[in-house]
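Participant: Below: sequence and its predicted model.
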Amino acid sequence: MDAEHEGRRILDIAEGFMKSQILFSSVKLGIFNLLETSDSPMTAGEISEAIGTDADATKRLLNACTGQRLLEKVNVDQETGDGEYQLSAGSRTYLTASSPTALTEFVGILGDYYRSPWQDLAQAVKEGAAFSARHGLAVDKTFEDVYRDEPNFTGAMAAVPAVFGAKTASAFDLSEFQSICDVGGCTGPLAYHLAAAYPQASVSVYDLPLVVKLAEEKRPAGDHAERVSFIAGDFFGDAPLPAADLYVLCRIIHDWNDDKALKILNKIHQSLPPGGGVLVADTILADDKTGPEVSNKYDLHMMLAAGSRERSGQELRRLLNKAGFTEVTINSNGYPFGHVLGRKPRI
Ligand SMILES: C[S@@+](CC[C@H](N)C(=O)[O-])C[C@H]1O[C@@H](n2cnc3c(N)ncnc32)[C@H](O)[C@@H]1O
């Protein structure tokens, strides 16, 4: 073992919160959005004046952002070290207001609403199910509570499939399906990718009434978006799902305990014609549950925020089998989601 290397690696893990705080604070202060609107690189003084912050502290934050390659520093005075700041390629693509691939709202929710339950990780591990009973979505909290506590939840959710949804659309060849329903599809970012990838299919999104209302208001212009319909409902209610021969569940199964997840899968199975499919997209754990890192992180996150869990491919296979899906194919590669396709038997 290289002792020094291991020591540094452990400190690096411990100091991880400092890195994320640099990002969260810069997003919160509007630094990336400001630089997007500027025709040329800006000095720390210009930035602090525009966002109403302390000049010296702002300069230190901007330099830390540069160290994280969130910003670039140009025209540097070799004597004073002062210079001008501009967006890096990464922040221009993923952290600016007008970018169609902006992750800003998701970063915002991670830095605030989603960060607070992590303070209780040790307590949650001590208590297990008792902690979930107090805090868990699957137990005593509804999605209506989530929307009341964090009004920007839909914006934050939508950011991730807007960026990574093309990978979900292409994880399997879905071209045989004529009608696709994204169940719990939020304001439609994944449905728009599905509509673009499968022009032969009609595409719908099924979600709670308040989300559908928002989705209609936010619908972007363009052919693919216009082909997507939004249908309000409750997947735990008695009303049938919109008709489809493929149902998609992106980050839905991981919200719920096995009983509730099975309810959703059973309902989908009942709604499908023979040979129809269900596509699950979640951060899938390795069979020994020790990776990939993104899935382990979100497994704990789901425990803290929703009293639920991420599952391995084999666990998802067993759930799908229980609901009556026989042919189950697992494609667990990919960031941030792996994918599982299940089929209702043809006879
Ligand atoms: C974790 S979000 C995932 C959203 C989207 N699929 C994604 O990956 O970004 C869960 C979604 O399920 C929806 N949802 C929760 N309970 C529901 C219910 N009972 N019926 C229909 N949709 C529901 C929420 O409104 C939300 O859009």
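Facilitator: Structure received. Source: prediction; values computed, not measured. Numbers count the residues shown, from 1 in each chain.
Participant: make it CA atoms for all contacts and neighbour counts henceforth
Facilitator: Noted.
Participant: So which helix or strand of this protein has the lowest pLDDT on average?
Facilitator: None of the helices or strands of the chain scores lower by mean pLDDT, DSSP states H and E than helix 129-135, at a mean of 80.
Participant: Who are the packing partners of it?
Facilitator: helix 121-127, helix 293-306 (3 or more C-alpha pairs under 8 Å, 6 or more residues apart in numbering; DSSP states H and E).
Participant: Show the subsequent helix or strand relative to that helix.
Facilitator: helix 143-149 (DSSP states H and E).
Participant: Walking through the chain, point out its strands one by one.
Facilitator: 42-43, 71-74, 84-87, 179-183, 202-207, 228-232, 246-250, 277-282, 328-331, 338-343 (DSSP state E).
Participant: Run through the residues of the stretch 201-347 of the chain sitting next to the ligand.
Facilitator: By C-alpha under 6 Å from any ligand atom, the residues of the stretch 201-347 of the chain that approach the ligand are 207-208, 211, 233-236, 250-252.
Participant: can you redo those as TSV with neighbour count and pLDDT?
Facilitator: Shown next, in TSV, are these (neighbours: other C-alpha atoms under 10 Å; pLDDT from 0 to 100):
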residue	neighbour count	pLDDT
D207	23	96
L208	18	94
V211	22	94
G233	21	96
D234	16	95
F235	19	96
F236	12	94
C250	24	98
R251	19	97
I252	16	97
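Participant: Which of the residues you listed fall in helices?
Facilitator: If you go by DSSP state H, these have V211 in helices.
Participant: Return the two entries of the residues of the stretch 201-347 of the chain next to the ligand that lie farthest from one another.
Facilitator: Based on C-alpha to C-alpha, the longest span within those runs between G233 and R251 and measures 17.6 Å.
Participant: what about the strands of the chain, which gets the closest to Y147?
Facilitator: Closest among the strands of the chain, using C-alpha to C-alpha: strand 202-207, at 13.0 Å.
Participant: number of nearby residues for F337?
Facilitator: 25 (other C-alpha atoms under 10 Å).
Participant: now swap in K218 and tell me
Facilitator: 11.
Participant: That one: what's it in contact with?
Facilitator: Residues in contact with K218 (C-alpha atoms under 8 Å, 6 or more residues apart in numbering) are T187.
Participant: Distance check, it against Y206.
Facilitator: 16 Å (C-alpha to C-alpha, to the nearest Å).
Participant: Check S99 too.
Facilitator: 26 Å.
Participant: now I109
Facilitator: 23 Å.
Participant: swap in G237?
Facilitator: 12 Å.
Participant: okay, the two: which has more neighbours?
Facilitator: Taking other C-alpha under 10 Å, G237 and Y206 do not tie; Y206 has more neighbours (25 against 10).
Participant: Ignoring the adjacent residues along the chain, who's closest to the residue of the stretch 201-347 of the chain found nearest the ligand?
Facilitator: Of all residues in the stretch 201-347 of the chain, D234 sits closest to the ligand, at 3.4 Å by C-alpha to the nearest ligand atom. Nearest residue to D234, sequence neighbours excluded (C-alpha to C-alpha, 6 or more residues apart in numbering): L208, at 5.9 Å.
Participant: Kindly provide the distance from that neighbour to S202.
Facilitator: With C-alpha to C-alpha as the criterion, L208 and S202 are 20 Å apart.
Participant: Same check on P336?
Facilitator: 26 Å.
Participant: With neighbour numbers in mind, choose between the two.
Facilitator: P336 (20 against 17).
Participant: Can you check the pLDDT for the residue nearest to I252 when sequence neighbours are not counted?
Facilitator: For I252, ignoring the flanking residues on the chain, the nearest one in space by C-alpha to C-alpha, 6+ apart is G184 at 6.7 Å. Looking at G184, its pLDDT is 97.
Participant: hang on, isn't G184 packed against Y247?
Facilitator: No. Look at G184 against Y247 with C-alpha atoms under 8 Å: they stay out of range, at 10.2 Å.
Participant: Flag the shaky bits of the stretch 51-200 of the chain, pLDDT-wise.
Facilitator: Applying pLDDT under 70 to the stretch 51-200 of the chain flags residues 136-141.
Participant: near the ligand, which residues of it show up?
Facilitator: Going by C-alpha under 6 Å from any ligand atom, the residues of the stretch 51-200 of the chain near the ligand are 143, 157-158, 161, 184-186.
Participant: can I get the residues of the stretch 201-347 of the chain next to the ligand in JSON lines with distance to H301?
Facilitator: JSON lines is the format used below for these (distance: C-alpha to C-alpha, whole Å):
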{"residue": "D207", "distance to H301": "23"}
{"residue": "L208", "distance to H301": "23"}
{"residue": "V211", "distance to H301": "23"}
{"residue": "G233", "distance to H301": "27"}
{"residue": "D234", "distance to H301": "24"}
{"residue": "F235", "distance to H301": "23"}
{"residue": "F236", "distance to H301": "23"}
{"residue": "C250", "distance to H301": "16"}
{"residue": "R251", "distance to H301": "13"}
{"residue": "I252", "distance to H301": "14"}
